[in-house]
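# quick one, structure for this:
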Amino acid sequence: MSEKESTQGLSCPRCGGMITIPEGAVIVRCPYCELRSMVQGERGLQRYQVPLRISRDQALQALQRFFKSHRAIAMDAGSKSSLAESFVVYLPFWTNWTRALGWVFGQERVRSGKTTTLKPREVKVAAEMNWNGAACDVGEFGVQQVPLTDQPMQAFNPDLLHERGLVFEPTSSVSQARAAAESEFSQRLRKISKLDVISQVFARFIRQRMGLVYYPLWVMRYAYRGRSFQVAVDGYSGQVLYGKAPGNTLYRAAMLVGGMALGAFLMVDVSALAGYLVTQVDDGDAATFLIAVAGGAILLGGGLMAGAYRAFRYGEQYEYRHGAGKKALPSIDKDAILSRIEEASKWLEE
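Got it, this is the predicted structure:
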């Protein structure tokens, strides 16, 4: 181990002699009195690196696939774009591996006929979990997390990484990362429990291990009609993790016109027709069904109109983030709606 890969200046708690701590060491031995000590804090943090497997040509192919990945991207982006520069960066990501144990107390909705009741439940959860988050400012690259699944972890070799690309060092603390990881683990325990109402969660994390993983990314910067864009490609798997592209004008217009027209039809015509039919039927179940149709048409129509406006308003530039998924409409409390429908049905019967 070279001198520059070691930390010096710490004294032995028994004899006061100076101890050299190799990079990533957890237990060190005093060369004078043979006392073994455990290293705590960031000095004993394990560092890893993920190998770079993707070549520049493969990254360019990923960029071309990105141009064809969504209709919201300008159709001529692939042919009219020119690559400005491409380079490799190694970004540090705090990583936490743990076994999460949780006891979730709450209530579960149980339907019986037309009524819904809440029954108390206690769910025990045990699962292996891992979490990672950017250890530095990644605003320029847009990659807050990386898909760490089966990638091989190699020992940290700073000289090798500096030869291959730009290496960024962490700017946040390991304690902040651990707190963020535990908060995420607690949220996962809540989801795994599948309870409708959660009152308390008791979580314990055993065999918890923190590490710093340097992950390779190909950064591809290109120009399109005088505008600059950037895409970050996973240096191990070749998939696009973050990217921006010019928007498709025809797609924006079609989304606006089609979404507004369909949304207005549902909100006005369908809900009005259902409301009119409610006054014409004598059967309570049929009236309840029609009220539900009217309410659903209004909610769905409003969501379509809002989505169409958003697609047009922000469609000049397409932005993709791996793992973000499609944005859903605001959640709807189905039981609250059913309760209102039951009240309306009783009112009609009266």
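# what segments of the stretch 201-350 of the chain are helices?
249-264, 271-278, 284-313, 334-349 (DSSP state H, counting those that start in this stretch).
# dump these into JSON lines; add mean neighbour count and mean pLDDT as well.
Where C-beta positions appear, they are placed from N, C-alpha and C, glycine not excepted. Listed next are the helices of the stretch 201-350 of the chain as JSON lines, based on neighbours: other Cβ atoms under 10 Å; pLDDT from 0 to 100:
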{"stretch": "helix 249-264", "mean neighbour count": "16", "mean pLDDT": "83"}
{"stretch": "helix 271-278", "mean neighbour count": "16", "mean pLDDT": "82"}
{"stretch": "helix 284-313", "mean neighbour count": "18", "mean pLDDT": "82"}
{"stretch": "helix 334-349", "mean neighbour count": "14", "mean pLDDT": "48"}
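# and of those, who's closest to Arg190?
Nearest to Arg190, of all the helices of the stretch 201-350 of the chain, is helix 334-349, at 18.8 Å by Cβ to Cβ.
# can you show me the strands along the stretch 151-300 of the chain?
Applying DSSP state E, counting those that start in this stretch to the stretch 151-300 of the chain gives strands spanning 154-155, 166-167, 197-224, 227-234, 240-246.
# tell me which of the ones you listed is the most buried.
Ranked by mean neighbour count, the strands of the stretch 151-300 of the chain are led by strand 240-246 with a mean of 22 (mean count of other Cβ atoms under 10 Å).
# of the strands of the stretch 151-300 of the chain, which is nearest Trp103?
Nearest of the strands of the stretch 151-300 of the chain (Cβ to Cβ): strand 197-224, 4.5 Å.
# sheet partners, orientation included, of the closest one?
strand 46-49 (parallel), strand 81-112 (antiparallel), strand 227-234 (antiparallel) (DSSP bridges).
# out of those strands, which is closest to Ser173?
When these are ranked by proximity to Ser173 (Cβ to Cβ), strand 81-112 comes first, at 9.2 Å.
# let me see the domain layout of the chain.
3-44, 51-246, 250-349 (automatic domain parsing).
# could you give the separation of the longest one from the chain centroid?
Read it as domain 51-246. 6 Å (Cα atoms, centre = their mean, to the nearest Å).
# over to the last one?
Domain 250-349 has its average C-alpha position 27 Å from the chain's average C-alpha position, going by Cα atoms, centre = their mean.
# returning to that earlier point: to Gln280, which of the strands of the stretch 151-300 of the chain lies closest?
strand 197-224 (39.0 Å).
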